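1. Build me a model:
(chains A and B)
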2 protein chains.
Amino acid sequence: MGFKVGLLGLGTVGAGTVQILQNPAQRHPLLKELEIHRVGVRSLDKPRPVELPASCLTTDLESIVTDPEIAIVVEVLGGLEPARTLILSAIAHGKHIVTANKAVISRFGEEIFQAAAAAGVYVLLEAAVGGGIPVIEPLKQSLCSNRIQSVMGIINGTTNYILTRMQQEGAEFDAVLDDAQQLGYAEADPTADVDGLDAADKIAILASLAYGGKIDRDAIHCEGIRQITATEISYADKLGYSIKLLGIADRLETPDSAEDTLQIRVHPTLLPKAHPLASVNDVFNAILIEGDPVGQVMFFGRGAGAGPTASAVVSDILNIAALLKVGRDGMKQSDGKPLLDPLLACEHQDYCAIAPIETLNMRFYVRFLTQDNPGIIGRIGTSFGDQNVSLESVVQAGMRDGHAEIVVVTHEVPEGSFRQALAQIEAIPGIAQVASVLRVL
Amino acid sequence: MGFKVGLLGLGTVGAGTVQILQNPAQRHPLLKELEIHRVGVRSLDKPRPVELPASCLTTDLESIVTDPEIAIVVEVLGGLEPARTLILSAIAHGKHIVTANKAVISRFGEEIFQAAAAAGVYVLLEAAVGGGIPVIEPLKQSLCSNRIQSVMGIINGTTNYILTRMQQEGAEFDAVLDDAQQLGYAEADPTADVDGLDAADKIAILASLAYGGKIDRDAIHCEGIRQITATEISYADKLGYSIKLLGIADRLETPDSAEDTLQIRVHPTLLPKAHPLASVNDVFNAILIEGDPVGQVMFFGRGAGAGPTASAVVSDILNIAALLKVGRDGMKQSDGKPLLDPLLACEHQDYCAIAPIETLNMRFYVRFLTQDNPGIIGRIGTSFGDQNVSLESVVQAGMRDGHAEIVVVTHEVPEGSFRQALAQIEAIPGIAQVASVLRVL
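-> Okay, the predicted model is just below:
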């Protein structure tokens, strides 16, 4: 008796999933008990990298999520709809869910998890963050005894590839993006990746698991990498930093420890080169988690692609099959409500408080274009000083287009004070341009 | 109603475990349902870093493993006995087990897992390898869809600390070991660490999980770091390598894929500096797993210490409590035998075939002391050539005590051929000494 799987979508990840399911040799023996029962596709005629019996394929996706024989529905369609509706319908029909869909989970996770809790089914999503890198399950299970202080990561492969090539070749963003699109590392519409939206979806999911609460996706401050120039990368390099797009979720210590506030944000970040994330290059992802008492742990690997993502999808399917195997699904509480494993289920009661980015203390990198005037550094320094923004370094870095370039790195200062000082500096005669403002870790 | 925990041992890790259990705030809510019922110690009078009711403590460890109220027994005694006997007794009394004991598991794992399978209880051991780094659970669950090709890691913090300081300070082994002992990073009897035995225990456990078979601990080739000198570290550095003590388990590809042979070994290794493990320094551990289709994933963090190890121990306790919470223990098969989750249980039917190290292909680093004689490099090269040992580089590295130092790095060659060539070279007049032989990745 096998466990019947219904697959929604047969794109790159769907085909990778089928390939593992069809080749169980030397993998976990439980894999032999899984059976691909139905696969939902948009078109029956498209050539596929995998062979499936024609009877298996259907364009009627709703028929999969309602099929009484199917125990596990795997959603690898991507996008918000029809993915959300199909997942909810599958849950209503008592199916367990495996999904790789970070967009749906970050936006509709609570609706989905509440429905799953009511129906007594599991929703596993290892593939939604970091491709094949185990990070969801470790957060839920292996690190569950910890008080998580921060989760920080390079969680978008496309932008890491672009920034790595810009750093290695001194190339500009547009040229590398073009190339990445031709190589298939960036989508034709790269918005979700390069503007940080994909990373924001993922850090929202990680934060929800790490801090055990709902996360308002819209409260996450999000900056992408379009404004990063070869100049910034080169100056950062000289100052001892690599520029990486990071998703960051931090617990702000408050005296009343029961109501800690979180800061969650996605932005390009100057990372000291000795930082464990600074040497994570190309399409690789890495997530650094700091917890009490575990300290820092890091997870590293390929964050995307058919193989790594399918590894996570099929592992999740096996985890559900293992629950089914020992009859650990369908348990009831004394009041008749379904009883789910408290580590594997994701339902959260309350929203986490998220601090607006203006209220945080940060370090900044600023590049000014100014007239080549001996007093100008003093005036910049004075303006920062007036707002109590203390500086780590001020360097006249060179000349560009007849202007002097002055690069400032601050200590950790309130974002508000920094912005006020910046407004004041922009008004100084002789300041031609605030060419770039970036955050520093 | 809480889950009662019996703790065997109240040393560093035991005390760390109690500290987490006594401070559940901001950790997983399930932690509040755990209760420390009894703690077994050697002496009741010893001062402890944690406060426990006197009624909780006992020197009668057997009374803990037989206590009908206790559901979960946590073994943090270390050492082979009485740990093994107490674990087996606890299993016979229907207790689930959490252990941090790599020595017991690597030697008596199969006995313990078979007893657990017969009794229908779980034995979790995340803390046995890599301290708080999640690696056991990821291997069992998050990566279970993969065909694992290799597992390789820096899995002993003491030796990594010693090698890091030798590299950074140019110091010799004995001096750094002395210092490490005074700082508490090395034991008074450092044998298990510096001779690689601890790393061999851990790679045996990882290999068993990765390849789904029993591992004969005695078949693991094991070399420690006592013979590593500052000279070797300095030459390796100049050639672009760091020296690390690695535990390595590899699947040797064979045409008959059903009966792959493994190679498992622990030895100091010259790692190219760009390798992800080469920059793992100090007491940090890291494990690099390569699987199909996930590719390379790496896990990094503190591999020892009260906090990290207790993080893993308490997470395992919570994982068992979650099973108990939903009544997922005590399941039966149709024939009445206990039914365990096939991903969480560890019982293996067959031994893995392990290839003797002499039969493997490896790269070598050799340092010769020779007379300062213009023909000597040619004669060394000829001897290697006679045995078909192809060389990557031969460098006259310098002079030492009136002898020329010649450093050779080979390509990948059969260990047998290399040893034959070496015997031939030792007989060459003018070769004063084969000062060092190390393996290269």
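
2. State the mean pLDDT of stretch A:110-121.
-> Computed over stretch A:110-121, the mean pLDDT rounds to 95.

3. secondary structure class for the spatially most central residue of chain A?
-> Central residue check for chain A by CA atoms, centre = their mean: the C-alpha nearest the mean position is that of A:Lys202, 2.7 Å away. Three-state assignment for A:Lys202 (DSSP: H, G, I helix; E, B strand; the rest coil): helix.

4. how far away is it from B:Val266?
-> Noted for A:Lys202: a distance of 37 Å to B:Val266, by CB to CB, to the nearest Å. In this view, the C-beta of every residue, glycine as well, is placed from N, C-alpha and C.

5. Run through the stretch 51-200 of chain A and note the low-pLDDT ranges.
-> Applying pLDDT under 70 to the stretch 51-200 of chain A flags no residue at all.

6. Tell me where it has helices.
-> All helices of the stretch 51-200 of chain A, identified by DSSP state H, counting those that start in this stretch, fall at A:61-65, A:83-92, A:102-119, A:136-137, A:157-169, A:173-183, A:191-194, A:197-211.

7. What are the contacting residues of the following helix or strand past the last one?
-> Tracing the chain past helix A:197-211, the next element assigned as helix or strand by DSSP states H and E is strand A:221-222. Contacts of strand A:221-222 from elsewhere in the structure, counted by CB atoms under 8 Å, 6 or more residues apart in numbering or on different chains, are A:195-197, A:199-200, A:264-267, A:356-357.

8. Quick check: of these, which lies closest to chain B?
-> Checking those against chain B with CB to the nearest CB, the nearest one is A:Ile264 at 16.9 Å.

9. List the contacts of that closest one.
-> A:Ile264 makes contact with A:203-204, A:207, A:215, A:219-221, A:248-250, A:354, according to CB under 8 Å, 6+ apart.

10. Please identify which of those residues is nearest to B:His403.
-> Checking those against B:His403 with CB to CB, the nearest one is A:Ile248 at 55.6 Å.

11. what's the span of stretch A:114-126, first residue to last?
-> By CA to CA, to the nearest Å, the extent of stretch A:114-126 from end to end equals 19 Å.

12. Can you list the buried residues in it?
-> Residues A:115-117, A:119-126 are the ones in stretch A:114-126 that count as buried (16 or more other CB atoms under 10 Å in any protein chain shown).

13. Tell me the residues on the stretch 51-200 of chain A that lie near chain B, please.
-> Taking CB under 8 Å from any CB of the partner chain, the part of the stretch 51-200 of chain A that reaches chain B is made up of A:126, A:132-134, A:136-138, A:141-147.

14. and the two most separated of those residues?
-> A:Gly132 and A:Arg147 (27.5 Å).

15. hang on, the earlier thing: top of the contacts of strand A:221-222 by neighbour count?
-> When neighbours are counted by other CB atoms under 10 Å in any protein chain shown, A:Ala199 leads these with 32 neighbours.

16. so what's that one up against?
-> Contacts of A:Ala199 by CB under 8 Å, 6+ apart are A:155-156, A:159, A:222, A:245-247, A:266.

17. again, but for A:Pro268
-> Here A:Pro268 is in contact with A:163, A:223-225, A:227-228, A:243-246, A:438-439 (criterion: CB under 8 Å, 6+ apart).

18. Same check on A:Val76?
-> A:Val76 neighbours (CB under 8 Å, 6+ apart): A:7-9, A:11, A:13-14, A:17, A:99-101, A:127, A:313.

19. do the same with A:Leu246
-> If a contact means CB under 8 Å, 6+ apart, then A:Leu246 has A:152-154, A:199, A:266-269, A:271, A:277, A:441 as its contacts.

20. tell me the domain boundaries of chain A?
-> Here the domain parsing of chain A from automatic domain parsing is A:3-131+A:306-325, A:136-302, A:360-440.

21. So for B:Val407, which of those sits nearest?
-> domain A:136-302 (27.8 Å).

22. In chain A, which helix is the longest?
-> helix A:306-325 (DSSP state H).

23. So, low pLDDT: which residues of the stretch 251-400 of chain A?
-> A:254-259, A:328-329.

24. so what's the closest residue in space to A:Gln19 that isn't next to it in sequence up against?
-> Excluding the flanking residues, the one nearest A:Gln19 by CB to CB, 6 or more residues apart in numbering or on different chains is A:Val50, at 5.9 Å. Listed by CB under 8 Å, 6+ apart, the contact partners of A:Val50 are A:10, A:15, A:18-19, A:22.

25. same thing with A:Thr269?
-> A:243-246, A:248, A:438-441.

26. Kindly recompute the last result at 10 Å.
-> Residues in contact with A:Thr269 (CB atoms under 10 Å, 6 or more residues apart in numbering or on different chains) are A:152, A:154, A:223, A:236, A:241-248, A:275, A:277-278, A:362-363, A:365, A:438-441.

27. again with A:Ser383
-> A:Ser383 makes contact with A:389, A:420-428, A:431, according to CB under 10 Å, 6+ apart.

28. and the gap between it and chain B?
-> 40 Å (CB to the nearest CB, to the nearest Å).

29. Likewise for A:Ala186?
-> 20 Å.

30. From A:Val194, how far off is the spatially closest residue to that residue that is not a sequence neighbour?
-> Distances taken as CB to CB, 6+ apart place A:Ala180 nearest to A:Ala186, at 4.0 Å, with adjacent residues excluded. Going from A:Ala180 to A:Val194 by CB to CB gives 9 Å.

31. how much space between A:Asp350 and B:Arg251?
-> If you measure A:Asp350 against B:Arg251 using CB to CB, the figure is 47 Å.
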